[in-house]
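Engineer: would you be able to build a 3D model of this:
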Amino acid sequence: MDELIPVCGYIRVSTHMQEELSPDAQLRLLKEYAANNNMIISRIYQDLGLSGTKAEKRPGFQEMIADCRSKEHPYSAILVWKFSRFARNQEESIVYKSLLKKENVDVVSISEPLPDGFIGSLVERIFEWMDEYYSIRLSGEVRRGMMQKAIQGGYQGRMPLGYTKKHSETPVINQKEAMIVRRVFHDYIKNNGNPSDIAITLNREGIRGKQGAIFDAKKINYMITNPFYIGKVRWNYWNRSTKRFNAGDDVIVADGKHEPIISMEIWNQAQAIYYKNKEKFKLRGRRRGTAGMKHWLSGTMRCGRCGGPMTYGVNTNSKTPLPFFQCSRRSKGRCDTSSYISEKNAVASVTAALKEILGSDHIKYKKSPIEPQDSEALELLRSEIGKISMQEKRIKEAYINGIDTIDEYSENKKMLSKKREYLEEKLLRESAADIPEAKDYENTIRQSIENLLNMIESDSDNYQEISTALLEHVSRIEYLKTENHMKIFLY
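Structural biologist: Below is the predicted model of the structure:
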């Protein structure tokens, strides 16, 4: 009896749209071929739902090639339903087949038999060329179809935050998510951009995006520049090959069939701020929010001489590292006065100035008018507070059922309590701000400053929390070196 030839099988199915055999059907045919040709299939490698144009993106294929080239040399051949399953790129097909040939491993198409000799090699190259031509033609047809759909206002892709869509239906607004979208645009305009701080605030309040995703500056900027929110569709915006954004005529923007969430007035305001900041960043570098700050005074403290930002740094020349602040314009020759101050003295001066404000009979401040969309922000805050009760119930059940220890339960309970306190305090402040002539607003400022001082004294390393609390009422802090004086400006 002849010895069985050890082989492996490779199955690939790219998409359900192409006319391909199913994985089960390919497997059945491979087994039949092996049985009729004195072969035994030791293993089946698969790549399901993947294109054959790039081998590097097929993990099953790469594992198979590595095994064939290993010292064990476990296979004499690779069986495929068609050569197109092995590769649709002729150059890659030739390269990998050459590598396998050196290991005495053949690639056999069970449905495309080849004659022996030179003619067989020629026919194989013709098959490879036809497979690549088919792939290119199919890609072009798909692209033209997608382009035409985009021109007609059809959306292709995942629904952005604020919308839901059933198959083949027009996207509809998800009202709860739409509140988040409106708030992002509102805060972006109100704070003159600064996507980092918007993301931090949303994450801290427990607000999440699609599938529970957290926010970051990149996602905020994407939302701000996504015309889907004004009723338009955008196609071919991102080039996966170059990993860059397309521009000009390569990008199609057309009127969509869905209802907009953002008005043109709000959209135009947001775009003006975005592109103004973008041009500014090209010259000055990327703007950083409080998440990227190394100290809670970063971004708030200014030089009293020139108005430039005070940069935080650490002097490592001495045996003991000494943190400090210095006017950023000083090193660039744009400020003629050194505003150097140690971090310790800066904190002491700021806390002293805050206590001086509390001790004054009257606090001078400028109260910004409330925006119409703040009502939706309040509703969103109430919604997040409501979720905390459910979370508290869940952690209690986890403790009762023995999933969490008493220490874990206490820690989770403390965290939720702190989160509830933060949200309720913010809701109270926002609600109070809704009354333009509120007589107790000065008391609210005093209470906020007291809370801020407590945070500085009890948890001075919690930079993000302290910075957020500071910015609730403090627009900037000016340090004048010559007078050793801190001046605090309230909104």
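
Engineer: quick one: average confidence on stretch 169-182?
Structural biologist: Model confidence over stretch 169-182 averages 90 on the pLDDT scale.

Engineer: nope, stretch 475-484 is what I was after
Structural biologist: The predicted model assigns stretch 475-484 a mean pLDDT of 85.

Engineer: please save the CA atoms from it in PDB.
Structural biologist: Provided in PDB are the C-alpha atoms of stretch 475-484 (Å, rounded to 0.1, in the frame of the first residue of the first chain):
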ATOM      1  CA  SER A 475     -10.400  82.400  34.400                       C
ATOM      2  CA  ARG A 476      -6.700  83.100  35.000                       C
ATOM      3  CA  ILE A 477      -4.100  83.800  37.700                       C
ATOM      4  CA  GLU A 478      -1.400  86.500  37.100                       C
ATOM      5  CA  TYR A 479       1.900  86.400  38.900                       C
ATOM      6  CA  LEU A 480       3.900  89.600  39.100                       C
ATOM      7  CA  LYS A 481       7.500  88.800  40.100                       C
ATOM      8  CA  THR A 482       8.500  92.400  41.000                       C
ATOM      9  CA  GLU A 483       5.800  92.700  43.600                       C
ATOM     10  CA  ASN A 484       5.600  89.000  44.500                       C
END
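
Engineer: host element of Cys8?
Structural biologist: With elements delineated by DSSP states H and E, Cys8 resides in strand 5-13, which encompasses its position.

Engineer: repeat that for Arg182.
Structural biologist: Under the criterion DSSP H and E, the helix or strand holding Arg182 is helix 175-190.

Engineer: now swap in Lys219 and tell me
Structural biologist: Following DSSP H and E, one finds Lys219 within helix 217-224.

Engineer: helix or strand next in line after that helix, which one?
Structural biologist: Going C-terminal from helix 217-224, and assigning secondary structure by DSSP H and E, you next hit strand 232-235.

Engineer: if we can go back for a sec, who does the helix holding Arg182 touch, helix- and strand-wise?
Structural biologist: Under the contact definition 3 or more C-beta pairs under 8 Å, 6 or more residues apart in numbering; DSSP states H and E, helix 175-190 sits against helix 195-204, helix 217-224, helix 264-284, helix 374-400. (Each C-beta comes from the backbone N, C-alpha and C, glycine too.)

Engineer: residues of that helix that come out buried?
Structural biologist: Of the residues in helix 175-190, those buried by neighbour count under the rule 16 or more other C-beta atoms under 10 Å are 177-189.

Engineer: residues touching it, excluding its own?
Structural biologist: 161-163, 194-195, 198, 201-202, 207, 209, 220, 223-224, 229, 261-262, 266-267, 269-270, 273-274, 371, 373-374, 376-377, 379-380, 383 (C-beta atoms under 8 Å, 6 or more residues apart in numbering).

Engineer: and those, which are buried?
Structural biologist: The neighbour count (16+ other C-beta under 10 Å) marks 161-163, 194-195, 198, 201-202, 207, 209, 220, 223-224, 229, 261-262, 266-267, 270, 273-274, 373-374, 376-377, 380 as buried among the contacts of helix 175-190.

Engineer: show me the helices in the protein, by range?
Structural biologist: In order along the chain, the chain carries the following helices (DSSP state H): 23-36, 59-68, 83-86, 90-102, 117-151, 175-190, 195-204, 217-224, 264-284, 343-359, 374-400, 406-433, 441-458, 463-470.

Engineer: out of those helices, which gets nearest to Leu322?
Structural biologist: Distances from Leu322 to each of the helices of the chain were compared using C-beta to C-beta; the minimum, 7.9 Å, belongs to helix 343-359.

Engineer: check the offset of that closest one from the chain's centre.
Structural biologist: Using C-alpha atoms, centre = their mean, to the nearest Å, the distance from the centre of helix 343-359 to the centre of the chain it belongs to is 38 Å.

Engineer: hmm, back to that, which other helices and strands contact the strand holding Cys8?
Structural biologist: The helices and strands touching strand 5-13, judged by 3+ C-beta pairs under 8 Å, 6+ apart, are helix 23-36, strand 39-48, helix 59-68, strand 77-80, helix 83-86.

Engineer: mean neighbour count and mean pLDDT added to these, as a markdown table?
Structural biologist: Output for the helices and strands packed on strand 5-13, formatted as a markdown table (neighbours: other C-beta atoms under 10 Å; pLDDT from 0 to 100):
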| stretch | mean neighbour count | mean pLDDT |
| --- | --- | --- |
| helix 23-36 | 16 | 89 |
| strand 39-48 | 17 | 89 |
| helix 59-68 | 18 | 90 |
| strand 77-80 | 23 | 92 |
| helix 83-86 | 24 | 80 |
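
Engineer: so which of the ones you listed is nearest Ile466?
Structural biologist: Checked against C-beta to C-beta, the stretch from the helices and strands packed on strand 5-13 lying closest is helix 59-68, at 46.4 Å.

Engineer: and the angle from the closest one to helix 90-102?
Structural biologist: If you take axes from the mean of the first three to the mean of the last three C-alpha atoms, to 10 degrees, helix 59-68 sits at 30 degrees to helix 90-102.

Engineer: list the contacts of helix 59-68.
Structural biologist: Under the contact criterion C-beta under 8 Å, 6+ apart, helix 59-68 has outside partners 8, 10, 12, 43, 45-47, 55-56, 74-75, 78, 96, 99-100, 103, 105.

Engineer: report the buried members of these.
Structural biologist: Once neighbours are counted (16+ other C-beta under 10 Å), the buried part of those comes down to Cys8, Tyr10, Arg12, Tyr45, Gln46, Asp47, Ala55, Tyr75, Ile78, Tyr96, Leu100, Val105.

Engineer: got the contact list for the last one?
Structural biologist: The one in question is Val105. Residues counted as contacts of Val105 (C-beta under 8 Å, 6+ apart) are Cys68, His73, Tyr75, Ser76, Ala77, Ile78.

Engineer: of all the residues you listed, which two lie farthest apart?
Structural biologist: Within the contacts of Val105, His73 and Ile78 form the most distant pair, 12.8 Å apart (C-beta to C-beta).

Engineer: spatially nearest residue to Ala34, not counting backbone neighbours?
Structural biologist: Distances taken as C-beta to C-beta, 6 or more residues apart in numbering place Ile41 nearest to Ala34, at 5.1 Å, with adjacent residues excluded.

Engineer: pretty sure that neighbour contacts Glu32?
Structural biologist: No - in this structure Ile41 lies outside contact range of Glu32 using C-beta atoms under 8 Å: 10.8 Å.

Engineer: what angle separates the helix holding Arg182 from helix 195-204?
Structural biologist: Going by the same axes, to 10 degrees, helix 175-190 makes 140 degrees with helix 195-204.

Engineer: number the chain from 45, please
Structural biologist: Let's use 45 as the start, then, which means that last one is helix 219-234.

Engineer: how far is helix 219-234 from where the chain is centred?
Structural biologist: Chain-centre distance of helix 219-234: 17 Å, with C-alpha atoms, centre = their mean.

Engineer: can you list the domains in this protein?
Structural biologist: What the record gives for the chain is the domain set 49-186, 215-332, 337-413+482-535, 416-479, from automatic domain parsing.

Engineer: that concludes my questions; thank you for your assistance.
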